[in-house]
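Trainee: I need the structure of the sequence given here:
(4 chains)
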4 protein chains.
Amino acid sequence: MTASGHREGSLRDRLHTVIFGTETPAGRMFDVVLLWAIVVSVLLVMLESVQEVREHYGVWLRYAEWGFTALFTVEYLLRLWVVDRPVRYARSFFGLIDLLSILPTYLAILLPGAQSFMVIRTLRLLRVFRVLKLVRYISEAGMLGRALAASRRKILVFLLAVISLVIVFGTLMYLIETPEAGFTSIPRSIYWAIVTLTTVGYGDIAPQTWLGQFMAAIIMILGYAIIAVPTGIVSAEMARAEDPGVECLVCHATGHSHDSRFCRKCGAELPALPED
Amino acid sequence: MTASGHREGSLRDRLHTVIFGTETPAGRMFDVVLLWAIVVSVLLVMLESVQEVREHYGVWLRYAEWGFTALFTVEYLLRLWVVDRPVRYARSFFGLIDLLSILPTYLAILLPGAQSFMVIRTLRLLRVFRVLKLVRYISEAGMLGRALAASRRKILVFLLAVISLVIVFGTLMYLIETPEAGFTSIPRSIYWAIVTLTTVGYGDIAPQTWLGQFMAAIIMILGYAIIAVPTGIVSAEMARAEDPGVECLVCHATGHSHDSRFCRKCGAELPALPED
Amino acid sequence: MTASGHREGSLRDRLHTVIFGTETPAGRMFDVVLLWAIVVSVLLVMLESVQEVREHYGVWLRYAEWGFTALFTVEYLLRLWVVDRPVRYARSFFGLIDLLSILPTYLAILLPGAQSFMVIRTLRLLRVFRVLKLVRYISEAGMLGRALAASRRKILVFLLAVISLVIVFGTLMYLIETPEAGFTSIPRSIYWAIVTLTTVGYGDIAPQTWLGQFMAAIIMILGYAIIAVPTGIVSAEMARAEDPGVECLVCHATGHSHDSRFCRKCGAELPALPED
Amino acid sequence: MTASGHREGSLRDRLHTVIFGTETPAGRMFDVVLLWAIVVSVLLVMLESVQEVREHYGVWLRYAEWGFTALFTVEYLLRLWVVDRPVRYARSFFGLIDLLSILPTYLAILLPGAQSFMVIRTLRLLRVFRVLKLVRYISEAGMLGRALAASRRKILVFLLAVISLVIVFGTLMYLIETPEAGFTSIPRSIYWAIVTLTTVGYGDIAPQTWLGQFMAAIIMILGYAIIAVPTGIVSAEMARAEDPGVECLVCHATGHSHDSRFCRKCGAELPALPED
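Mentor: Residues are numbered from 1 along each chain as shown, chains lettered A, B, ... in the order given. Modelled structure (predicted):
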């Protein structure tokens, strides 16, 4: 997505710098405008779903919608024009998001009143990330991502344990409790178990018998205690993901604790760091 | 549970490799098929508990159930045949689970319509872990296990404190609040205290008097704050329970990542470990 | 609380060893019996508050109650007899608990049907800690205690911030929302804010207007995010409270990081520890 | 805000020491009195909003209110008089808070019965921080502040992810669920998604269809798991933000606790610090 390989000067190049770059004032301005356009258009999609608003300002919302769709269409076409590989861009994640965020409005003409997939336009929100990604936070997001990725296996084990717990407990509650209390089937009881274990606790389904309430109490305390597990996992990973450690000046391997004297890769002496 | 001590070649040996091993493609395939069979059969057991499904597809569910039971029975008998100590296997945790996951279907013929213990079949889910255990995640699960085991005493102290808290607060609320609000007995008030302290908050029982609401507020903030304790415990343990890493054979320094080649202390060559 | 300073052999001494000691089998047995007596008696107090139970087994409960009261009275008198300073024991925390756990039953004769302070007997539960304290977990509890004590100031600041938050938000919601929705007064609105910020969410009071729901959403995400603060505090403290560090062989000062070479107290050379 | 640059002795100087200083007994006493005045006056404002209280003790509340307003007015004027730069103080955050905490009472005369902005007086609560700030906890609060400030970017990324999640899930639920269940519009569905993801779970809106409940289950487990992220962030920051400790003036090694006398690295004498 860089402008490398372009002869400077041509309109296409300058547009590329504006649309994909963030160094130039124009590029930054473009991002900010786009960001606001996205946010506002998403807000309008939401408001459109509110009946009162639709009744009173329906026509204005439609105008605005067409405005934004036109804007995003132009942007989409421009992107297609300026990128080096249009097809690759069109197939990329953000390329598809860009398309999905303008398509529904056009389809709504052919298949009128298709409110159901007009809401797909809220996917426009995801475009915010593209803009932000280009601006900043990339390192933070990356760091969070690495921490989660590094602990994905542990988290998977944890989720597996949680799922087994709710299935077993849900089945038990289905046996213990009555359909009157809302435990009409095992899936529904499992739904209740999840609502309880995650400490959400809607209260639409709640145990009535003393045994059921006793079981529920166990699930609650369990859920209250094991929340510590994912937290511990991520905390530990995050603490590690933080400190790159000492870098070897010879082979540039990192991850040496501060009391290491030799590189773990090439065996060369490590630089003596001040105790940070 | 290893194939050691078997002469290679015989059918029994080859089956052992397929059923318990994961090195051969056949063994891996066996695990995957079994995994899916377990998951699907458990899902069917759940669906069976939904009245609409039972009414419409009851007969198909019964057919599928018999199919899975037959499959699991064959698997069970095969396991009994191929293991070195059948009795020991049959008595082992997973051996019992295997039996429990096929028994109810057979019993349901003798004692027809015993829906109540047909649900025992959901225990089949636990067999998933055996399969997974054989495949991977063992180190992660083990690590989580160690972290929890190492902090079990602290967690026990914490649970004891929580239980005392809810009993004392529950008793107080039983005195403060009226039966109309749902505080009809001390156990029920304790149930409410647990619902509140764990931040589940069903709302089926909620204080009405200002004093009761004041007490409730204290319990909530308390529960909101002390959740930090188990989290802190597990985080600390987890940070420690982390893989000690490769040990240097010369100076016995530990904490080398598995891709380290030289000791970070004395610079000596490290033993080559298999990438976990 | 040790038997030191007693001539061995006399009945009083032997009793002291049994009641307060845990080394002898008799002492351990005494603790176990007492533990069960406490737990069972507390359970009975709770059951007594359940109307059905009181109606059907009321008389048995009364007999059992008298039995336990007699038992605890004898124990109390024995403790008074065997300790070196009876008055000091009677005035100690556990001494008062011991008294409070037998007094109500006797008072209930003079002032019959005083259910209201019969429940004080649930305080017997606290005696469990005395027994446990004598047995084990003391180090764990102490460690948790230290971690909390060390972070008490930070936690206080956090609680202060939380209280201010709920007061400000509660006041705002009192202005925004209608009494119909349950926001009848500022204290009640603050109660709602606490219920929401701590993610308990009873639902007995819930915002109806879009502005109120918007405010509520902010409070929820806030409460969801700032739970991280106490957790972070306690985690950090706990991680520190864990590792006593290297001890100086000269002045026995601890808390030296493993890469320390000199004692921070007396300046003496520290023993070279293996990197744990 | 220090008394530096004042000739000692004049009334103004002495008042400055009393009002802004905490060294002198008078200064400490002033803070304590002010602290209580603030707390009590805020409590009265709250009570005033309770109808029963207003009916019975309305007149007394008004008297007390005038008393406190007079007190705070005097304090405000005194502060204006003694500070070096009155305008700067009046424009400062706490200066405005001070003004806001007395203004409403006066305005209430001109525009009688303006209950709606009488509640602004609860802002007086914020003045508590000024007093506390002057007394102690400043280091703790500062430390918490630094930890949050250091992780503000990560937290922002996290919040952005959360907001996107609730918007996407809210939109989906709006499509899946019926208006009868309470999902009447996208904003309302997003409100529900927030209520669920943050595990608040009022229950005023709850999915009815099995698909909706399945989606809800996913959101809950998601919310239950990703709470780990902010916690991990803050924990890591907090562990780092910890007091770097005393630095050795010879070898510049840090991490000495405040009661350390010798450098743990070079054994040199450490500078004597005041206990935090």
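Trainee: the residue lying closest to A:Ile186 once chain neighbours are set aside: neighbour count?
Mentor: Nearest residue to A:Ile186, sequence neighbours excluded (Cβ to Cβ, 6 or more residues apart in numbering or on different chains): B:Ser49, at 4.0 Å. Any C-beta I mention is one placed from the backbone N, CA and C, and that applies to glycine too. B:Ser49 sits with 22 neighbouring residues when counted by other Cβ atoms under 10 Å in any protein chain shown.
Trainee: and A:Trp192, how many residues sit next to it?
Mentor: Residues lying near A:Trp192 (other Cβ under 10 Å) number 28.
Trainee: report the contact partners of it.
Mentor: Residues in contact with A:Trp192 (Cβ atoms under 8 Å, 6 or more residues apart in numbering or on different chains) are A:Gly170, A:Met173, A:Gly182, A:Phe183, A:Ile205.
Trainee: could you rerun that using 10 Å?
Mentor: Counting by Cβ atoms under 10 Å, 6 or more residues apart in numbering or on different chains, A:Trp192 touches A:166, A:169-170, A:173-174, A:177, A:181-183, A:201-202, A:204-207, A:216, A:219, D:213.
Trainee: could you pull out the strands for chain A?
Mentor: For chain A, applying DSSP state E gives no strands.
Trainee: these two touch, right, the residue nearest to A:Ile186 and A:Thr171?
Mentor: Yes: between B:Ser49 and A:Thr171 there is a contact under Cβ atoms under 10 Å: 8.5 Å.
Trainee: now the stretch 1-150 of chain A, which segments are flagged as low pLDDT?
Mentor: The stretch 1-150 of chain A contains residues with pLDDT under 70 at A:1-9, A:112-119, A:130-141.
Trainee: point me to the residue of it nearest chain C.
Mentor: At 8.3 Å from chain C, A:Val50 is the closest residue in the stretch 1-150 of chain A, using Cβ to the nearest Cβ.
Trainee: next one: the stretch 51-200 of chain A
Mentor: For the stretch 51-200 of chain A, Cβ to the nearest Cβ, closest residue to chain C: A:Thr199, 7.0 Å.
Trainee: what's the neighbour count on that residue?
Mentor: Count around A:Thr199 with other Cβ under 10 Å applied: 28.
Trainee: got it, and A:Gly212?
Mentor: Counted with other Cβ under 10 Å, A:Gly212 comes out at 19.
Trainee: now do it against chain C, distance only.
Mentor: Distance, A:Gly212 to chain C, by Cβ to the nearest Cβ, to the nearest Å: 15 Å.
Trainee: that residue touches A:Ala193, doesn't it?
Mentor: No: using Cβ under 10 Å, A:Gly212 makes no contact with A:Ala193, being 11.5 Å away.
Trainee: overlap of the contact sets of the two?
Mentor: In contact with both A:Gly212 and A:Ala193: A:Leu172, A:Met173, A:Phe183, using Cβ under 10 Å, 6+ apart.
Trainee: let me know the pLDDT of the first one.
Mentor: Read it as A:Leu172. We note a pLDDT of 88 for A:Leu172 in this prediction.
Trainee: do the same with the last one
Mentor: At A:Phe183 the predicted local distance difference test score is 90.
Trainee: got the phi and psi for it?
Mentor: Dihedral pair for A:Phe183: phi -90, psi 70, per degrees, to the nearest 10.
Trainee: what sits closest to it if chain neighbours are left out?
Mentor: That would be A:Glu177: by Cβ to Cβ, 6+ apart, it lies 4.1 Å from A:Phe183.
Trainee: and for the second one?
Mentor: If the residues on either side of it in the chain are set aside, A:Met173 comes closest to A:Ser189, at 4.7 Å by Cβ to Cβ, 6+ apart.
Trainee: same check, this time on A:Leu100
Mentor: Leaving aside its chain neighbours, A:Leu100 sits nearest to A:Leu123 (5.2 Å; criterion: Cβ to Cβ, 6+ apart).
Trainee: from what I see, the one you found and A:Val42 are in contact.
Mentor: Yes: here A:Leu123 lies in contact with A:Val42, judged by Cβ under 10 Å, at a distance of 9.0 Å.
Trainee: more neighbours: the two, which one.
Mentor: A:Val42 (23 against 19).
Trainee: residue contacts, the more buried one?
Mentor: Neighbours of A:Val42 in contact, by Cβ under 10 Å, 6+ apart: A:68, A:101, A:121-128, D:167, D:171, D:186.
Trainee: A:Arg91: how many residues sit nearby?
Mentor: 10.
Trainee: so how many other residues sit close to A:Leu34?
Mentor: 19.
Trainee: just checking, it touches A:Leu71?
Mentor: Yes: under the criterion of Cβ under 10 Å, A:Leu34 makes contact with A:Leu71 at 8.7 Å.
Trainee: quick one: the helices in the stretch 101-250 of chain A?
Mentor: A:103-110, A:115-118, A:124-135, A:138-150, A:152-176, A:186-197, A:210-226, A:228-242 (DSSP state H, counting those that start in this stretch).
Trainee: with distance to A:Asp13 added, can I get these in a markdown table?
Mentor: Formatted as a markdown table, the helices of the stretch 101-250 of chain A follow (distance: least, Cβ to Cβ, whole Å):
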| stretch | distance to A:Asp13 |
| --- | --- |
| helix A:103-110 | 29 |
| helix A:115-118 | 37 |
| helix A:124-135 | 17 |
| helix A:138-150 | 24 |
| helix A:152-176 | 41 |
| helix A:186-197 | 54 |
| helix A:210-226 | 56 |
| helix A:228-242 | 38 |
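Trainee: which among those is found nearest to B:Val87?
Mentor: Of all the helices of the stretch 101-250 of chain A, helix A:152-176 sits nearest to B:Val87, with 27.4 Å by Cβ to Cβ.
Trainee: the closest one packs against which elements?
Mentor: Other helices and strands packing on helix A:152-176, by 3 or more Cβ pairs under 10 Å, 6 or more residues apart in numbering or on different chains; DSSP states H and E, are helix A:186-197, helix A:210-226, helix A:228-242, helix B:25-48, helix B:115-118, helix B:124-135, helix B:138-150, helix D:210-226.
Trainee: state the distance from A:Val83 to chain B.
Mentor: Taking Cβ to the nearest Cβ, one finds A:Val83 at 38 Å from chain B.
Trainee: now do the contacts for that residue.
Mentor: A:Met1, A:Arg12, A:His16, A:Ile19, A:Phe20, A:Tyr89, A:Ala90, A:Ser92, A:Gly95.
Trainee: drop anything exposed from these.
Mentor: The neighbour-count criterion (16 or more other Cβ atoms under 10 Å in any protein chain shown) marks A:His16, A:Ile19, A:Phe20, A:Tyr89, A:Gly95 among the contacts of A:Val83 as buried.
Trainee: any chance of those residues in a markdown table, plus distance to chain B?
Mentor: Formatted as a markdown table, the buried ones among the contacts of A:Val83 follow (distance: Cβ to the nearest Cβ, whole Å):
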| residue | distance to chain B |
| --- | --- |
| A:His16 | 40 |
| A:Ile19 | 41 |
| A:Phe20 | 36 |
| A:Tyr89 | 36 |
| A:Gly95 | 35 |
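Trainee: okay, and which of these map to helices?
Mentor: Among the buried ones among the contacts of A:Val83, the members found in helices (DSSP state H) are A:His16, A:Ile19, A:Phe20, A:Tyr89, A:Gly95.
Trainee: what's the closest non-adjacent residue to the first one?
Mentor: Computed as Cβ to Cβ, 6+ apart, the closest residue to A:His16 that is not its neighbour in sequence is A:Val82, at 4.2 Å.
Trainee: burial measure for A:Glu52, as a count.
Mentor: 10.
Trainee: hang on, it packs against D:Arg188?
Mentor: No: at 11.9 Å, A:Glu52 does not count as touching D:Arg188 under the criterion of Cβ under 10 Å.
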